[in-house]
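Participant: prediction below, plus the sequence it came from.
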Amino acid sequence: MSVRPDFLQQHLFNWETLDLVCSGKSSLDAKNYLTEMYGAEQVYDFLVGYGFDLKNPVENAELFGIYQEALQFIKRYFLKEGNPDGLEMSVPSFLFMLTDISELFMLATGKSGAKPNVEEALWAGVVLKVMHTILHADKDLRYRYFSVVQQQIFDRFYKFIVRDEENMLFMKNDSGFVVPLVDFQTKAKKTRDSIIIKLLHKQENVAEELFDRIGVRFVTKSKLDSLRVLKFLVTNYVVMINNIKPSRSQNTLVDLGLMKKRTNTLLKKTLREGWGEEKYLAELSQLVDSCAPGGATTDRNAHTSQEYRAIHFTGRQLIKYRNPFMSQFNEVRKSAMKDKEQPLAKELLALDTSPISRDVRFFYPFEVQIADEQSHQQNTQGEASHQEYKRSQVKSAMKRIFKPLMDLKGLS
């Protein structure tokens, strides 16, 4: 048998790595999550490149904590012991006995022992994928401003939400534009586990690409009122059309093209027959109801039911955050100015505060859903329910990260 020359190793390509970089695929979909490591030194270099120095005890402990959390997360959501829809598997005991995080990387590459163990390598890869996702969920810089973000976005909507003496709900502005509402809901803060599940099944797998941490829902009496809500939001600059993310817009409520054609005919008839406002709105409402889409388009999200009916889009708002530290620090400086000769006062006054941000401004996404009462009831029942949607997400994430291991064990 001929011996392979040493120089060949320098010129061989890892085809899966090239495919991941060049073809728009995610590393979560890789069969061999790590394939280029042959020793502890390469593991260390990889983690430094990723952002963790294992020689730093704090960073080492943080990474090992994420490892422990990943094991519990897998048990809770993807295996039968925590989820009735989970896999008939158990986390192997060797994973609970690891004390050095470097060993996990060596296991994933099949380089930890004299004889590679394929199943152990795949299990290690599953854990690393979940760890990677948890880290992205935790390291979103904007998350620290979430309470401020939530308040500023919701305030723009609440400004126009009113109730009358009979407790009826409306959208109303100062010029008298009124739209009756059945309900107005704000989305509570997304749980950390929900964020991780969502990232595990998203192609991008980065927290910056989550657009539904903040959301509002309008439920109206009719489809016509749903369109009037949309008009209200735009004309009152609650939603800036320039800041809408186009790829996130979805309309399965009304066929706008068909409505446009029929409305032109209705306008001519209104002028010809001299209809008043009440008659026109009654006819327009019937017209809108007759313009149902031919079929729901759910290409944007495979977990959305085909029965889902709503106008759904993502806006972005410029958030303005004022650092409370600076106002407090300036008060301390004023006190120090009264006795400049004190050593502590001198040091305080000499501090350079220019690197500390006084104001932070950034765009943050929020979701808007608008549906009439009948569609909303349909959306929240049966296959279109939120619970079914979340269940579908968990299944998708499970199949995605466990696929190589499921294939190995012949599981469907």
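Facilitator: All right, it came through fine.
Participant: in the stretch 1-150 of the chain, where is pLDDT below threshold?
Facilitator: Low-confidence regions of the stretch 1-150 of the chain, defined by pLDDT under 70, span residues 1-2, 32-36, 111-116.
Participant: now swap in the stretch 251-400 of the chain and tell me
Facilitator: 295-305, 354-355, 357, 382-386.
Participant: what ranges do the strands span in it?
Facilitator: For the stretch 251-400 of the chain, the strands defined by DSSP state E, counting those that start in this stretch cover 311-322, 359-372.
Participant: from the chain's centroid, how far away is the first one?
Facilitator: In other words, strand 311-322. 14 Å (CA atoms, centre = their mean, to the nearest Å).
Participant: now do that strand: everything it contacts.
Facilitator: Contacts to strand 311-322, defined as CB atoms under 8 Å, 6 or more residues apart in numbering, come from residues 145, 148-149, 152-153, 156, 211-212, 226-227, 230, 239-240, 243-245, 248-254, 358-371. From N, CA and C alone the C-beta is placed, and that goes for glycine too.
Participant: mark which of the residues you listed are buried, thanks.
Facilitator: Among the contacts of strand 311-322, the ones that count as buried by 16 or more other CB atoms under 10 Å are 149, 152-153, 156, 211-212, 226-227, 230, 239, 244, 248, 250-254, 364-371.
Participant: N330 is nearest to which of the strands of the stretch 251-400 of the chain?
Facilitator: In terms of CB to CB, the element of these nearest to N330 is strand 311-322, at 12.4 Å.
Participant: quick check: neighbours of that closest one in the sheet, parallel or antiparallel?
Facilitator: Using DSSP bridges, strand 311-322 pairs in its sheet with strand 250-251 (antiparallel), strand 359-372 (antiparallel).
Participant: quick check: domain ranges of the protein?
Facilitator: Here the domain assignment for the chain is 13-139, 143-254+292-312+366-394, 324-357, based on automatic domain parsing.
Participant: how about the ones you listed, which one is nearest F402?
Facilitator: Distances from F402 to each of the domains of the chain were compared using CB to CB; the shortest belongs to domain 13-139, at 6.1 Å.
Participant: what sits against M337?
Facilitator: Counting by CB under 8 Å, 6+ apart, M337 makes contact with 345, 349.
Participant: out of the strands paired with strand 311-322, flag the one nearest M259.
Facilitator: Ranking those by proximity to M259 (CB to CB) places strand 250-251 first, at 10.9 Å.
Participant: surely V239 is in contact with I370?
Facilitator: No - checked against CB atoms under 8 Å, the pair V239 and I370 is beyond contact range at 10.7 Å.
Participant: common neighbours of the two, please.
Facilitator: Taking CB under 8 Å, 6+ apart as the contact criterion, no residue touches both V239 and I370.
Participant: for R217, which three-state class applies?
Facilitator: Put simply, R217 is strand when judged by DSSP: H, G, I helix; E, B strand; the rest coil.
Participant: right, I mislabeled it, should have said P84
Facilitator: When classified by three-state DSSP, P84 comes out as coil.
Participant: how much space between it and K190?
Facilitator: Relative to K190, P84 is positioned 23 Å away (criterion: CB to CB, to the nearest Å).
Participant: pick out whichever of the two has more residues nearby.
Facilitator: The neighbour count for P84 versus K190, taken as other CB atoms under 10 Å, is higher for K190 (16 against 6).
Participant: wait, that one touches L199, no?
Facilitator: No - at 11.1 Å, K190 and L199 do not qualify as touching, with contact defined as CB under 8 Å.
Participant: centre of the chain versus stretch 174-191, how much separation?
Facilitator: The gap between the average C-alpha position of stretch 174-191 and the chain average comes to 22 Å, counting by CA atoms, centre = their mean.
Participant: distance between the ends of it?
Facilitator: The first and final residues of stretch 174-191 sit 37 Å from each other (CA to CA, to the nearest Å).
Participant: list the buried residues for that stretch?
Facilitator: For stretch 174-191, the buried set under the neighbour-count rule, 16+ other CB under 10 Å, comprises 179-182, 184, 187, 190.
Participant: can you list the domains of the chain in CSV and add distance to D6?
Facilitator: As requested, these are exported to CSV (distance: least, CB to CB, whole Å):
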stretch, distance to D6
domain 13-139, 14
domain 143-254+292-312+366-394, 37
domain 324-357, 50
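Participant: what sits against L79?
Facilitator: L79 sits in contact with 86-87, 89-91, where contact means CB under 8 Å, 6+ apart.
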